[in-house]
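[1] Sequence and predicted model, in that order:
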Amino acid sequence: MDLDEIIVESGILESVQFVGESLALNREYILSKLKKEGIVPNRERIKDSLSFVKKMLYRQNPDFSSVRDLYGMTFILPNIEECYSLARKLLSLNFEIYHKVRDTLECAHPEHRNHRSLDFAMKDKHGSFEIQIRTPELDEKFEETHEDYKAWQDVVSFENFDNSKKKILNFLNKIKKRFEKVGEEILSSEKEVTLLEIQRKLCNSKKEFLKWGYRASSKRFDKILKESGC
């Protein structure tokens, strides 16, 4: 039983296609804004429809706003000091810290799959994006384990639903109906709808939308956040 095949069978991928256009516009806007400040990521990616549906299954959360890395970028800096310097510069821009902070750059034994990185999500009125900052050595270790991590997530997703294809399809059907409803609103709208507006529309509640998802900061990064007014 393959998780990708079950998702395709559910028909949900057709229902979420409208998100892709807003994601592309969000990416273009953010890259342009950062480029004006002389900030260019080493790599960046938009999470495709299959990937963000799988993330919702993994988290057992039908709330679209629970997927906080729809658009992400990675910066590779020569050393840890420069990683923190870049973080300060990013935090000085007109974005808000949004939902997630994790700093394991100087953690000898991080709990999360030996993932040492400075990760945080930011947003403005257009949409959100995730930042990952680390050194070349830490990035090499990340790349070595990333595919295994994604395979492990699929295993956990099955376990979340008692390895039952029927339960997974029922969950996906609930998500599908919500996306279809919002998709109809978006397609009938005469104005351009931002990614942030789509995230709000697909959220269970305003309280849920604003809720922090993951916070595992460090004293050093907490100090930087405080100095930046975040």
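    Done, it's in. Residues are numbered from 1 along each chain as shown.
[2] Find the residue closest to the most centrally placed residue in the chain in space, skipping its chain neighbours.
    Central residue of the chain (Cα atoms, centre = their mean): Asp69, 0.9 Å from the mean position. Using Cβ to Cβ, 6 or more residues apart in numbering and skipping residues adjacent in sequence, the residue nearest Asp69 is Glu130, 4.1 Å away. All C-beta spots, glycine's among them, are computed from the backbone N, C-alpha and C.
[3] And Gln60, by the same measure?
    Asn160 (5.0 Å).
[4] How much space separates that neighbour from Arg59?
    Separation of Asn160 from Arg59 (Cβ to Cβ, to the nearest Å): 8 Å.
[5] same question, Glu159
    In terms of Cβ to Cβ, Glu159 sits 13 Å off from Arg59.
[6] Those two: which is more packed in?
    Legend: neighbour count by other Cβ atoms under 10 Å for Glu159 and Arg59, higher for Arg59 (16 against 9).
[7] lowest-pLDDT helix or strand in this structure?
    helix 206-210 (a mean of 55; mean pLDDT, DSSP states H and E).
[8] Packing partners of the helix or strand hosting Lys223?
    Using DSSP states H and E, Lys223 falls within helix 219-227. Here helix 219-227 touches helix 80-91, strand 96-103, going by 3 or more Cβ pairs under 8 Å, 6 or more residues apart in numbering; DSSP states H and E.
[9] Please identify the most buried of those.
    Neighbour counts (mean count of other Cβ atoms under 10 Å) averaged over each of the helices and strands packed on helix 219-227 peak at strand 96-103, with a mean of 20.
[10] what element comes up after it heading to the C-terminus?
    Downstream of strand 96-103, the next assigned helix or strand under DSSP H and E is strand 118-123.
[11] Mind giving me the packing neighbours of that next one?
    Using 3+ Cβ pairs under 8 Å, 6+ apart, strand 118-123 is in contact with helix 80-91, strand 96-103, strand 128-134.
[12] So for Thr74, which of those sits nearest?
    Evaluated with Cβ to Cβ, these place strand 128-134 nearest to Thr74, the distance being 4.6 Å.
[13] Excluding chain neighbours, what is closest to Glu96?
    Here the residue nearest Glu96, using Cβ to Cβ, 6+ apart, is Lys123, at 5.6 Å.
[14] do you know how far that neighbour is from Ile76?
    From Lys123 to Ile76 the distance is 23 Å (Cβ to Cβ).
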